[in-house]
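> Sequence and computational prediction follow.
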Amino acid sequence: MTYFFQLVVSGIVVGSIYALAAIGFVLIYKSSRVLNLAHGQLIAAGAYITYTLTVYCHIPIYISFVLSMILTFFLAMSVERIFLRRLIGEPIISVIMVTIGLMSIIDGVIYLTPFGSENLSFPSFLPSQPIVFQGIYISYTQLAGVLITFLLIGVFSWFFRKSTVGISMRAVSDDQMASMSIGISVPRVFGLAWATAGLTAAAAGGILGNIVGLNFDTLHAFGIIVFPVVILGGLDSLPGAVAAGIIMGLIQQFASGYLDGNWGLSGTASLLPYIVLLVILLFKPHGLFGTHEIERV
Amino acid sequence: MMSANRWMATGNYFTAYRQEQRIFATHTDRLMFALFLVVLFSWPYFIELSTKHMLVIDNILIAVIAVYGLNLVTGFAGQISVGHAAFMGVGAYTVASVAGVIGDQHVLITHAWPLMILLSGLMGAAMGLIVGLPALRLRHLYLLMATLSFQLIFQWIIGSMELFNQGQFMYVGRVHWFSGEVGRSQHYMFWYYALLVTVVVSGLGVRNILRTRYGRSLVAVRDNDRAADAMGMHPGLTKVFAFGLAGFFAGMAGALQAYLNRGAGFETFTLHESIQYLAMTIVGGLGQLTGCIFGPAAIRILDLQVESLAQWAGGILPSSLDLATGLRPLSFGLVIVLFLIFEPRGIANWWRIIRSYIKLWPFRY
């Protein structure tokens, strides 16, 4: 039973980072209907920026975490300004393909930095002794990660519910024409959506880097898993992203905890999300909380 | 009436739909095509190429076959597929696993290789139909996800099943021809001809599919699926059909690749490769048959150039910097993005402009 609860705890830890990553994805889709396939790369960029600031510039990790969020904010905003702004009004396929191209570009840039092919880990800044409660282990880093995640999710839901900018972003996602006619600058909102997505991506990257270390392959795998999470939650639902993130984290932990090693299976944790994705696509394509807008054509 | 002669036509003289649907509009086109084929088949007698460059040419031809499929599903039917390398993998692993079960020197592998290639194509088509099934209910964004999950599930299956040697290299025997076993020295030359024949035959095949009602309904569904629905086509089935066709060409390409590399290995069929094929399709020109040839050639040659640039720069820069691994994705990404922004119709469009200039010369319009 302890094993089971241990899996639940680690599932929630992983899942909350998924949720944070998925939020950025949903933000972009919700406001501009762009499926940003390069979101995983933004996460990786955030992680490496945090690492660089901490290790090479000797900035305390709390400050470098915030700094990398700010830097990625502007990075994502300029990505939108340089590449995506030109494609407003183009067919959705070209827009998706540009994000695929971006994926490659950011990959290449990261490979060219000294970190591309190395295993790095953050200097530890929290006590390395894990907390033990009834035989269940959780490290301080994981706990901090979960707390920061939920803090950020809370801030974001407040932002969308109360602040003027958040409300205008919701308005744009509802109806672009109507929001334009009441004086909201739609391109500015698109830029902001990308920028906030970059912010969350950097946060997710920073937390992830602290928990599992920095390895480009891991970060890649992590970026790709965002897609099943958002489809499960519904492409345009923020609470859906959070719920689906945690569900996906639990599914993965249970898979690697119970399935691997039995019946000759291995690495099921990397398989199950995509099986879930296929099942969801076939039976409930709008996800758990998404709007029912899919037409059967 | 056609124009006065069928050699030169500087305008549109069609009076019947049948004339408009000809594969070659004028006799000159047909003659040029025949000349081009003669050149393609005969240049190896005059020019000696190193094995490395021959391999690049063979790889380009394989990519052309794969891109035929991807262009049908992405360019003509308008559905992005990021699982094309996995479909190729289905073909390659059909050959490789048969070779693994019955032995890689079995007659079926070495002598009946055209049959094996066709079989692999059919396996790919079957997979394409299965993966395309969500198309009955869903539109592009979600189909993209379905192909992505197929790609990753494929990678897991190959990487963890005994039958596929857990992603390790699986050998396929050397093939036989009328003159006996194709030896090491003729290997790439032999496959150059085999691939060339496949490229030409499947190119004509694609051209003909596009003339049928099925091909036209692909384009109709891409342009407006609701209108296509109203005109009596079934958009869902059309998309499933497109995925099946894409799978067929990818399966054949995969099997040919397995024969060319003398086996199948995991790393040839990853997500990264899928993205490369997408890049080829975009750079060549979406929905352009000639683009299927320009795209792979451009991307593969770019790859070659980037590699030699990295080698050259490697002598100057500190050795810790692995330039090639970084420059490759960077240049691909840039090429995709720049083409999408500045020339969304791809290299095929340049070809079209040049052709019409020659056709209309000396007039400028």
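All right, it came through fine.
> residue contacts, the closest residue to B:Ile102 other than its chain neighbours?
Spatial nearest neighbour of B:Ile102, excluding adjacent residues (CB to CB, 6 or more residues apart in numbering or on different chains): B:Leu108 at 6.5 Å. C-betas here are computed from N, CA, C, even on glycine. The contact partners of B:Leu108, taken as CB atoms under 8 Å, 6 or more residues apart in numbering or on different chains, are B:Val98, B:Ile102, B:Leu115, B:Met116.
> what about B:Leu108, helix or strand, and which?
With elements taken from DSSP states H and E, the one containing B:Leu108 is helix B:107-110.
> Is any residue of the following helix or strand past that helix near chain A?
Counting by DSSP H and E, the next helix or strand C-terminal to helix B:107-110 is helix B:113-132. No. Using CB under 8 Å from any CB of the partner chain, we find that helix B:113-132 stays clear of chain A, coming within 9.1 Å at best.
> Now do helix B:113-132: which elements does it pack against?
helix B:84-102, helix B:107-110, helix B:140-160, helix B:235-260 (3 or more CB pairs under 8 Å, 6 or more residues apart in numbering or on different chains; DSSP states H and E).
> just checking, next helix/strand downstream of the helix or strand of chain B with the lowest mean pLDDT?
For chain B, using mean pLDDT, DSSP states H and E, the weakest element among its helices and strands is strand B:180-181, scoring a mean of 74. Sequence order places helix B:187-211 as the next helix or strand after strand B:180-181, per DSSP H and E.
> now that following helix and helix B:235-260, what's the angle there?
Counting by axes from the mean of the first three to the mean of the last three CA atoms, to 10 degrees, helix B:187-211 points 170 degrees away from the direction of helix B:235-260.
> Quick one: list the elements packing against helix B:187-211.
helix B:27-46, helix B:51-70, helix B:213-223, helix B:235-260, helix B:291-314.
> number of nearby residues for B:Ala112?
Residues within reach of B:Ala112, counting by other CB atoms under 10 Å in any protein chain shown, total 15.
> Please report how far it lies from chain A.
33 Å (CB to the nearest CB, to the nearest Å).
> Between the helices and strands packed on helix B:187-211, which one is closest to chain A.
Across those, the minimum distance to chain A, taken as CB to the nearest CB, is reached by helix B:235-260, at 5.0 Å.
> now for the longest helix belonging to chain A, which elements pack on it?
Using DSSP state H to define each element, chain A has its longest helix at helix A:2-32. Judged by 3+ CB pairs under 8 Å, 6+ apart, the packing partners of helix A:2-32 are helix A:39-51, strand A:136-138, helix A:140-162, helix A:164-174, helix A:186-212, helix A:226-233, helix A:238-254.
> Can you mark which positions in that helix are buried?
By neighbour count with 16 or more other CB atoms under 10 Å in any protein chain shown, helix A:2-32 contains the buried residues A:6-32.
> ok, now stretch B:180-191?
Using 16+ other CB under 10 Å as the test for burial, stretch B:180-191 gives B:Val182, B:His187, B:Tyr188, B:Phe190, B:Trp191.
> next one: stretch A:154-167
Residues A:Phe156, A:Phe160, A:Gly166 are the ones in stretch A:154-167 that count as buried (16+ other CB under 10 Å).
> how about the residues of the stretch 1-150 of chain B near chain A?
In this structure, the stretch 1-150 of chain B approaches chain A at residues B:74, B:78, B:80, B:82, B:133-134, B:136-142, B:144-146, B:148-150, judged by CB under 8 Å from any CB.
> Buried among the residues you listed? Need that as a selection in ChimeraX.
In ChimeraX, this line selects whichever of those come out buried by 16+ other CB under 10 Å:
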select /B:74,78,80,82,133,134,137,138,139,140,141,142,144,145,146,148,149,150
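> Closest residue of the stretch 151-297 of chain A to chain B?
Closest contact between the stretch 151-297 of chain A and chain B, by CB to the nearest CB, is at A:Tyr274 (3.7 Å).
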